[in-house]
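Trainee: Need the 3D shape of this:
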Amino acid sequence: MPLTRSAVPSPGFPASPERGRTPIGPVRLGPGAAAALTPAAVEVRGGFWDARREVNARISVPQGPGLLESAGNLHNLRVLGGTAEGEFRGAYPFVDSDVYKWLEAAAWQLAQWAPGEGGPQAERLADDIERIIAVVAAAQQPDGYLNTWFQLRGNGERFQDLRWGHELYCAGHLIQAAVAHHRATGRTELLDVARKFADHVDSVFGPPGSGKPIDGIDGHPEVETALVELYRETGERRYLDLAAYFVDRHGHGLLGGEAYCQDRVPLREATNVEGHAVRQLYLLAAAADLATETGEGELRAAAERLWHAMTTTKTHLTGGLGSHHDQEDFGDPYELPNERAYCETCAAIASIQWSWRMALLTGEARYSDLIERTLYNGFLAGVSLDGERWLYVNPLQVRDGHTDPGGDQSARRTRWFRCACCPPNVMRLLASLEHYLAGGDGNGLQIHQYVTGSYSADIDGTPVVVSAETDYPWHGTIALTVDETPRERPWTLSLRIPRWCREYRVRAGDTTYDQTDAPVDNGWLRLERTWAPGDQVVLELGLEPRLTTADPRVDAVRGCVAIERGPLVYCLEQVDHPGGGLDDIAIDTTRPLSVKHRPDLLGGVTTVVAAGRRRHLPDAGWWPYRATETADTPATDDPCELTAIPYYAWANRQDGSMRVWLPTS
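Mentor: So this is what the prediction gives:
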């Protein structure tokens with residue numbers, strides 16, 4: 001069923017602010033929000049993303065409690081709550097956040113089922129949620145503070161290590177989990193814990209002259225966007241004000257002025273994204289939230305400026321972000337390496353969260369263009385097809401003879417990590433994915449991402465429901481049917497035409513248009529009319545495979561091309577190319593690309609086949625450098641066929657080399 005159920009407030013608790021048919025999801029705009037769009041309710045019930053979400057629901061989310069037990073996260077909370085004995089377990093002070101992210105994922109997953117639906121799976125999940133919430137609540141201190149690292153290892157000191165301590169970061173994830181649980185169930189057990197912690201933070205932190213003891217920020221932004229959502233859930237303005245205080249105090253040297261923790265320059269003055277990628281993106285998501293709720297033009301302008309700077313100079317083809325393993329940061333403009341690309345899975349998630357807030361704020365299609373690219377590539381590569389193994393970093397090349405360092409920075413899929421931020425982060429995004437797919441503006445429905453299912457919005461208080469059937473991204477046909485619509489009231493159905501799309505065609509009723517008859521308006525194909533139930537629209541997006549080149553300032557891929565088809569970036573894997581590795585392979589760009597549908601491969605994919613050459617260079621002796629080749633030392637090439645698979649599916653068969661960018665022969 002579409003997620004449109006309203007959470008039931010407890011007696012005396014303010015109802016969640018709503019605007020029309022507000023879906024259950026991570027972003028619920030306040031009643032006075034200055035946004036172009038509100039999230040539309042979407043039900044995903046088939047196709048590509050339904051299959052990935054089913055794995056998440058059946059495998060990934062249910063295994064969370066066991067992994068949190070074995071890693072010690074739940075043990076720490078039990079020790080703090082007095083139901084277990086022992087010392088702190090874990091490598092980092094932020095391990096509590098993994099529990100909270102799992103709780104958020106589980107809450108969104110539970111919201112997929114109406115009361116009485118879901119059977120034993122839903123019952124087990126509800127029991128796990130209730131059990132873990134009780135553990136969290138028992139660990140909370142009477143004044144609201146909660147952090148197992150500092151309470152078990154730090155001699156009870158609080159907020160004394162804001163740069164590395166992550167106390168407010170953990171509080172943010174607790175708040176987001178509590179909001180999700182309240183929206184999904186109407187229950188307030190976890191929300192009570194989160195509000196108590198937020199109230200404690202509000203009593204401690206404030207600007208000079210406020211009478212509060214600490215003027216400070218957390219080294220890892222996250223609490224800011226969570227506080228905005230807590231304001232949206234409770235209607236208490238002080239949470240929004242606290243979020244604004246934290247956002248504005250970044251960049252004023254409170255943590256030593258380092259870019260790493262977003263403290264070098266105030267956000268409103270920044271001209272490019274910098275520092276730790278996830279920290280930057282979480283802060284910018286909060287800036288978009290604040291601009292949405294307050295209507296502040298300067299904050300909106302900064303968010304738009306920094307998004308543009310990021311996408312034009314610091315984003316990998318996959319949507320991945322972060323060029324440096326050292327400090328997990330962005331690097332310089334156009335510094336986009338392949339084998340040393342960091343592209344943390346959490347950064348892809350943060351990018352999607354920020355871009356969705358910008359799409360709602362502005363109504364512009366470019367933000368959803370990036371969401372699509374990141375969803376299908378940089379994000380989805382982070383979890384294995386079986387839902388049990390993960391990638392923390394997502395390189396665009398693994399060389400022949402690669403020696404893997406192991407640990408969190410491994411290029412091999414891993415069951416869990418010492419810093420396990422990515423797996424529960426993936427779980428919570430997949431469990432709430434329907435929230436990021438469509439929007440409404442009171443005068444129409446905008447479809448941002450194409451799935452099989454239904455999209456719902458309000459037109460003057462009357463529901464609009466459009467159902468969709470598609471095998472996207474393997475095929476480009478999206479068949480839409482109007483199921484519910486106001487009588488004698490025209491409205492606009494807006495379909496996003498992806499930036500990568502060269503040709504499209506749309507059939508509405510008995511009329512067919514192509515790109516010359518139905519031009520795109522800033523990424524949107526807008527169809528305005530008085531609709532009737534049963535009206536059909538068929539959109540056909542051309543999915544011819546294509547070769548992509550990078551800006552010449554990207555030194556790492558100069559002279560190379562990448563293969564793309566639709567929203568998917570493709571790569572070569574060694575397992576598909578016997579007889580040698582990939583380092584000596586080049587693609588022949590004079591030969592056409594072709595596609596093969598392979599239902600037997602990697603859960604069913606469409607591969608792209610290209611002509612290539614395998615180079616055999618003469619032995620250079622002990623020195624790997626030589627003069628430019630002459631007729632005396634020729635290289636020999638053997639023709640070969642290249643089979644490219646979707647990047648998201650790599651590292652699911654056997655270890656070996658991989659590459660996205662291919663030299664041209």
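
Trainee: list the helices and strands the helix or strand of the chain with the lowest mean pLDDT packs on?
Mentor: None of the helices or strands of the chain scores lower by mean pLDDT, DSSP states H and E than strand 511-514, at a mean of 88. Where contact means 3 or more CB pairs under 8 Å, 6 or more residues apart in numbering; DSSP states H and E, strand 511-514 is packed against strand 504-508. For the C-beta atoms, the positions are set from N, CA and C on the backbone; glycine is no exception.

Trainee: Counting neighbours, which bits of the strand it packs on end up buried?
Mentor: By 16 or more other CB atoms under 10 Å, the buried positions in strand 504-508 come out as 504-506, 508.

Trainee: mind listing what that strand pairs with, with the direction of each?
Mentor: strand 511-514 (antiparallel), strand 536-541 (antiparallel) (DSSP bridges).

Trainee: Please name whichever of those is nearest to Arg412.
Mentor: Arg412 lies closest to strand 536-541 among the strands paired with strand 504-508, at 34.7 Å (CB to CB).

Trainee: Buried residues, the longest helix along the chain. List them.
Mentor: For the chain, the longest helix by residue count, based on DSSP state H, is helix 119-139. The neighbour-count check on helix 119-139 (16+ other CB under 10 Å) flags 122, 125-126, 128-129, 132-133, 135-137, 139 as buried.

Trainee: pLDDT below threshold where in the chain?
Mentor: Applying pLDDT under 70 to the chain flags the ranges 1-22, 629-635.

Trainee: buried residues in stretch 380-391?
Mentor: Those would be 380-385, 387, 389-391, for stretch 380-391 by 16+ other CB under 10 Å.

Trainee: In JSON lines, list those along with secondary structure.
Mentor: Output for the buried residues of stretch 380-391, formatted as JSON lines (DSSP: H, G, I helix; E, B strand; the rest coil):
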{"residue": "Leu380", "secondary structure": "helix"}
{"residue": "Ala381", "secondary structure": "helix"}
{"residue": "Gly382", "secondary structure": "helix"}
{"residue": "Val383", "secondary structure": "strand"}
{"residue": "Ser384", "secondary structure": "coil"}
{"residue": "Leu385", "secondary structure": "coil"}
{"residue": "Gly387", "secondary structure": "coil"}
{"residue": "Arg389", "secondary structure": "coil"}
{"residue": "Trp390", "secondary structure": "strand"}
{"residue": "Leu391", "secondary structure": "coil"}
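
Trainee: So which of those is the closest to Glu117?
Mentor: Among those, Gly387 lies closest to Glu117 (CB to CB), at 21.7 Å.

Trainee: Wait, the closest one touches Asn56, no?
Mentor: Yes. Shown here, Gly387 and Asn56 form a contact pair, counting by CB atoms under 8 Å, at 6.1 Å.

Trainee: Mind putting the buried residues of strand 504-508 into CSV with distance to Val265?
Mentor: CSV is the format used below for those (distance: CB to CB, whole Å):
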residue, distance to Val265
Tyr504, 42
Arg505, 47
Val506, 45
Ala508, 49
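
Trainee: biggest separation within those, which pair?
Mentor: Farthest pair in the buried residues of strand 504-508 (CB to CB) is Tyr504 and Ala508. Separation: 12.9 Å.

Trainee: Check which helices and strands the following helix or strand past the least confident helix or strand of the chain sits against.
Mentor: Remark: after strand 511-514, the chain's next helix or strand is strand 524-529, criterion DSSP states H and E. For strand 524-529, the helices and strands in contact under the criterion 3+ CB pairs under 8 Å, 6+ apart are strand 444-447, strand 491-496, strand 504-508.

Trainee: Buried residues, strand 524-529. List them.
Mentor: Buried residues in strand 524-529, counting neighbours by 16+ other CB under 10 Å, are found at 524-525, 527.

Trainee: how much space between the residue nearest the centre of the chain and Gly32?
Mentor: Taking CA atoms, centre = their mean, the centroid of the chain lies closest to Ile349, which sits 2.3 Å from it. With distances taken as CB to CB, to the nearest Å, Ile349 is found 28 Å from Gly32.

Trainee: and if you look at Leu103?
Mentor: Separation of Leu103 from Gly32 (CB to CB): 30 Å.

Trainee: In terms of neighbours, single out the busier of the two.
Mentor: Between Leu103 and Gly32, counting by other CB atoms under 10 Å, Leu103 is the more crowded of the two (27 against 11).

Trainee: Can you tell me the closest non-neighbouring residue to that one?
Mentor: Once flanking residues are discounted, Leu103 sits nearest to Ala177: 4.0 Å by CB to CB, 6 or more residues apart in numbering.

Trainee: do Ala562 as well
Mentor: Closest residue to Ala562 apart from its sequence neighbours, by CB to CB, 6+ apart: Thr548 at 4.7 Å.

Trainee: how about that neighbour, phi and psi?
Mentor: In terms of degrees, to the nearest 10, the main-chain angles of Thr548 are phi -120, psi 140.

Trainee: Over to Val79?
Mentor: Dihedral angles for Val79 - degrees, to the nearest 10 - are phi -60, psi -40.

Trainee: can you check Phe205 too?
Mentor: Residue torsions, per degrees, to the nearest 10, at Phe205 are phi -100, psi 140.

Trainee: Using CSV, please lay out the buried residues of helix 119-139 together with distance to Ala107.
Mentor: Shown next, in CSV, are the buried residues of helix 119-139 (distance: CB to CB, whole Å):
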residue, distance to Ala107
Ala122, 12
Leu125, 9
Ala126, 10
Asp128, 11
Ile129, 7
Ile132, 11
Ile133, 10
Val135, 16
Val136, 13
Ala137, 15
Ala139, 19
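
Trainee: Tell me the one among these nearest to Val464.
Mentor: Closest to Val464, out of all of the buried residues of helix 119-139 and judged by CB to CB, is Ala122, at 29.3 Å.
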